[in-house]
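J.: Here is my input, please return the structure:
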Amino acid sequence: MVFDREKKAWWLSLVSLPLLAATAVLINAWRNLDDYRHRLDTEITQGPELLDYAGATWRLEKPRLLGDGRDTQVRFPGQMRLVIVRMVATATVSIGDGWGQCEVSLVDATGRRWRPLDVSLSNDISRDLEPGRDPINGCGITSLKPPAKNHAVLIEEKFVVPAEAISTLSVRLSVGAMRPAAIGFPLGLN
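T.: Residues are numbered from 1 along each chain as shown. The predicted structure follows:
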């Protein structure tokens, strides 16, 4: 009798295992899909000058294009270029943790997207280009300690992109709390 109950429980466990595994996979996939959808910037406010977003007024500084010999003597192999984007954010409210998951990207007219270089590589490039100055933090590091109300901060990100995309590039910025809303500025590089 006891043996039969154990045998039934064992078979019931064995039969339910694929169902439980499939349920776990579906729950995890649903969470990942929801996170992916939330990370997409679908409501982009484009502007040429100043844009209000995430408790600050954002302004694009003149971007730099390196790798074709015009800005510096640096020439990149093939058709790759280094784009340096600087933005100034002036806090209009107390931001606190509101800039968490800050992301900056470049997008061309066809929708291709480029993410910035990592922090250590970006800092190494900054030290090579301007040896006497400290590197300027990117969006992710600045989001850890955003500016106080009525104070400004300069953010710099570096991207390696193909030369054919340069003329149509625009920069997009978004923070986790505001997604899918984002802001964008055309770079106007030639």
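J.: and the residue lying closest to Glu61 once chain neighbours are set aside, what element?
T.: Among residues not flanking Glu61 along the chain, Arg86 sits closest, at 3.9 Å (CB to CB, 6 or more residues apart in numbering). All C-beta atoms are positioned from the backbone trio N, CA, C, and that covers glycine. Per DSSP states H and E: Arg86 is located in strand 80-91.
J.: Who are the packing partners of the helix or strand following that strand?
T.: Next in sequence after strand 80-91, counting helices and strands by DSSP H and E, comes strand 103-107. On a contact count with 3 or more CB pairs under 8 Å, 6 or more residues apart in numbering; DSSP states H and E, strand 103-107 meets strand 80-91, strand 113-114, helix 139-142, strand 152-162, strand 170-174.
J.: that older thread, I'd guessed the residue nearest to Glu61 sits against Pro63; true?
T.: Yes - the pair Arg86 / Pro63 is scored as a contact, 7.3 Å apart, by CB atoms under 8 Å.
J.: Domain ranges for this protein, per the record?
T.: With automatic domain parsing as the criterion, the domains of the chain are listed as 1-39, 43-186.
J.: Go through these and pick out the most buried.
T.: domain 43-186 (a mean of 16; mean count of other CB atoms under 10 Å).
J.: Next, the angle from the lowest-mean-pLDDT helix or strand in the chain to strand 170-174.
T.: The helix or strand of the chain with the lowest confidence, counting by mean pLDDT, DSSP states H and E, is helix 2-39 at a mean of 80. Using axes from the mean of the first three to the mean of the last three CA atoms, to 10 degrees, the inter-axis angle of helix 2-39 relative to strand 170-174 is 130 degrees.
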